[in-house]
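**Student:** With the input below, show me the fold.
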Amino acid sequence: MPLTNIGLTLRDYPTFFVYLPQTSAEIELTLLTENEDKVVYKKIFKVDKSGIVGISIPVTDDSKKSLEVGKRYVWSFSMVCEPDDRSADTVVKGLVQRIAPQPTLNSDLANPDPMTRLDVYAKNGFGTKLSLL
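**Tutor:** Down below sits the predicted model:
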């Protein structure tokens, strides 16, 4: 996540990534409207190994599940350790906002070099580029 805790996306049905430790707990991804009064998407799943997991919001005919340009949404990943006592959940959450691409962004992202695309994303506010040593 960027330091602002607001991730940006160009996609109407984005993919969310989270690092999960080895666990037998169920994982819940929830996507809510910014004021948290409506559920846009919710999925409960199990993981069989630790690591970075990507969960995509499936493309549907239901426009309520797509992200609208300019609006912010609250996302959360919860480790449901005790289904009968959700106050014991381990939760991480943030905001995501869909934006319209600048005219040159799509052409810049067409570059086949992954590092160049990573730089384009970072320079356009889509996160922070990390260097691995």
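
**Student:** what's the spacing between the closest residue to V80 other than its chain neighbours and E68?
**Tutor:** Nearest non-adjacent residue to V80, counting by CB to CB, 6 or more residues apart in numbering: E26, 4.4 Å away. C-beta here means a position set from N, CA and C on the backbone, and glycine is covered the same way. Separation of E26 from E68 (CB to CB, to the nearest Å) stands at 29 Å.

**Student:** try F16
**Tutor:** 17 Å.

**Student:** Of the two, which one has the most company?
**Tutor:** Neighbours were tallied for F16 and for E68 using other CB atoms under 10 Å; the higher tally belongs to F16 (19 against 14).

**Student:** for the more buried one, what are its contacts?
**Tutor:** By CB atoms under 8 Å, 6 or more residues apart in numbering, the contact list for F16 reads L29, L31, G54, I55, S56, I57, W75, F77, V96.

**Student:** For D119, see how far away it is.
**Tutor:** 22 Å.

**Student:** and Y73, how many neighbours does it have?
**Tutor:** Using other CB under 10 Å: Y73 sits among 22 other residues.

**Student:** Identify the residues contacting it.
**Tutor:** Counted by CB under 8 Å, 6+ apart, Y73 has contacts L31, L32, T33, E34, V40, L67, L95, V96, Q97.

**Student:** Between these, which sits nearest D48?
**Tutor:** Each of those was scored against D48 by CB to CB, and L31 proved nearest at 23.4 Å.

**Student:** Assess the claim that the residue nearest to V80 and L20 are in contact.
**Tutor:** No - judged on CB atoms under 8 Å, E26 makes no contact with L20 at a distance of 11.2 Å.

**Student:** what's the overlap in contacts for those two?
**Tutor:** M79.

**Student:** just to revisit the earlier point, which of the contacts of Y73 count as buried?
**Tutor:** Neighbour-count burial (16 or more other CB atoms under 10 Å) is assigned, among the contacts of Y73, to L31, L32, V40, L67, V96, Q97.
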